[in-house]
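Asks: structure for the following, please:
(2 chains)
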Amino acid sequence: MERERERVYALMMSALDGEELAETDSAELQASLVDFPDLAREWASMQQIDTLFRSTPLVAPPPGFAARTLERLPAPSRQHIWAVSLFYVALLIGGLLPIMAGLWFFTAYGDVVQQTAIFQALNQTIGVALQSGVAVVGAVGVVAADVVRKQPIVMGWLFLLIGIVAMWRNVYRYMTRAVAQPVPARTS
Amino acid sequence: MYEHEQVWLDQARQGDQAAFGMLIEAYQGPVYNLAYRMLNHAGEAEEAAQEAFIRAYTRLDSYDPQHKFSTWMLSITSNYCIDILRKRRAILLSIDEPLPAHPALMSDRENSPEAQTVHGELSDMVQTLLQQLPEDYRQAVVLRYWYEMSYEEIAEVMQTSVSAIKSRLFRARRLLAQAGIDMGISTEIENAVEA
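Replies: Numbering: from 1, shown residues only, chains lettered A, B, ... in the order given. Below you'll find the model as predicted:
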């Protein structure tokens, strides 16, 4: 009996969810509703409430809702504005400075730079500097590999320091994010 | 999903409030409706809907574009409404008092006094029935009927399993049916819907 009622409820839910019942299932549901009058009453009520809910439209917000909500949005914090401003200033200076330095250099030393001997000396100096750089990077690589192999504790500390730096970076980002400021609600 | 939604989201993330304003315009209806159906009070619903948008704006960095923005927005709204309902319960305020029908329910094509009366009765009936349900059942019912969400989508909004949603909807429907029988509103519904 209980199992039969459970089966009836399962069929009711399927029907309410918009599933098309097979003919046999539909016949089974109708027959069960005759056998269980209480379920028939419940089923009628379920169907009516289902129809009512489906025919009830969305409630529209009061006029001016969007504008009032927009007014309550928090402004970006001053700290955030300063950080963004500084970033853009740094980018501007970073782009302008090399151009200005280059212009000044060619204006002041244009005649000197055009002499062939100076070009050769410059090339040699750059070549030596590059060779030295490669040698230094190679040596540092060998030492670093040795440290990794022989000094796991040092490496552990290194990773810990990197972790601390990353954590503080996130703390900084969190503190400079746009923060909600309390603004009194206004309703129509 | 709206055509320019992704652009608005990107601009809003950069702090562009006007772009977020477009998102508010686009989603104010569904967000407000959910708050109103849950809270059954026009003033509180507006406050809750505004707060939901503010929360979304300040947490845009945590929005995962793999999910629908509407689902994320409704999730924030329904969680906020549940918080309000719990606070209400905590201070022992009654939520059973019948509240007047919201004026926005009256559409232009239904301006006759008779139509307004029928519409008002229907609205009252819907809200009265919804108030019979526990908060989490009401949440599932509103998302199912007014947003036509699948069980999977409701589970995503309510951060639970599909089987839990099936169970809540089953119990909610039985509670609603019983409430309909007890209140003797079955015939009223039939007449009002036909009208």
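Asks: distance from the chain centre to stretch B:11-26, please.
Replies: Taking CA atoms, centre = their mean, to the nearest Å, one finds the center of stretch B:11-26 at 22 Å from the center of the full chain.
Asks: list the contacts of the host helix or strand of residue A:47.
Replies: In this assignment (DSSP states H and E), residue A:47 forms part of helix A:37-55. The contact list for helix A:37-55, computed with CB atoms under 8 Å, 6 or more residues apart in numbering or on different chains, reads A:5, A:8-9, A:12, A:16, A:32-34, B:122, B:125-126, B:129, B:141, B:145-146, B:173-174, B:176-178, B:180-181, B:186, B:189-190, B:192-193. (Each C-beta comes from the backbone N, C-alpha and C, glycine too.)
Asks: just the buried residues of the residues you listed.
Replies: A:8-9, A:12, A:16, A:32-33, B:122, B:125-126, B:129, B:141, B:145-146, B:173-174, B:176-177, B:180-181, B:186, B:189, B:192 (16 or more other CB atoms under 10 Å in any protein chain shown).
Asks: picking up where we left off before, continuing past the helix holding residue A:47, what's the next helix or strand?
Replies: helix A:65-72.
Asks: list the contacts of residue B:54.
Replies: Taking CB under 8 Å, 6+ apart, we find residue B:54 in contact with A:69, A:72-74, A:180.
Asks: those also near chain B: which ones?
Replies: A:69, A:72-74, A:180 (CB under 8 Å from any CB of the partner chain).
Asks: and the next helix or strand past the helix or strand of chain A with the lowest mean pLDDT?
Replies: Lowest on mean pLDDT, DSSP states H and E among the helices and strands of chain A sits helix A:78-113, with a mean of 78. With elements assigned by DSSP H and E, the helix or strand that comes after helix A:78-113 is helix A:116-150.
Asks: what's the angle from that next one to helix A:78-113?
Replies: Interaxial angle, helix A:116-150 versus helix A:78-113 (axes from the mean of the first three to the mean of the last three CA atoms, to 10 degrees): 140 degrees.
Asks: elements contacting helix A:116-150?
Replies: helix A:152-175 (3 or more CB pairs under 8 Å, 6 or more residues apart in numbering or on different chains; DSSP states H and E).
Asks: pLDDT on the helix it packs on, on average?
Replies: In this model, helix A:152-175 carries a mean pLDDT of 82.
Asks: circling back to that earlier point, in the helix holding residue A:47, what's buried?
Replies: Buried residues in helix A:37-55 (16+ other CB under 10 Å): A:39, A:41-50, A:52-53.
Asks: can you redo the residues you listed as TSV with pLDDT?
Replies: Formatted as TSV, these follow (pLDDT from 0 to 100):
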residue	pLDDT
A:39	92
A:41	92
A:42	93
A:43	94
A:44	93
A:45	93
A:46	94
A:47	93
A:48	92
A:49	93
A:50	94
A:52	91
A:53	93
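Asks: quick check: mean pLDDT across stretch B:157-174?
Replies: Rounded mean pLDDT across stretch B:157-174 is 95.
Asks: anything in it near chain A?
Replies: Yes - Stretch B:157-174 reaches chain A (CB under 8 Å from any CB) through B:166, B:169-170, B:173-174.
Asks: got any ranges where chain B has weak pLDDT?
Replies: B:1-2, B:92-119, B:186-195 (pLDDT under 70).
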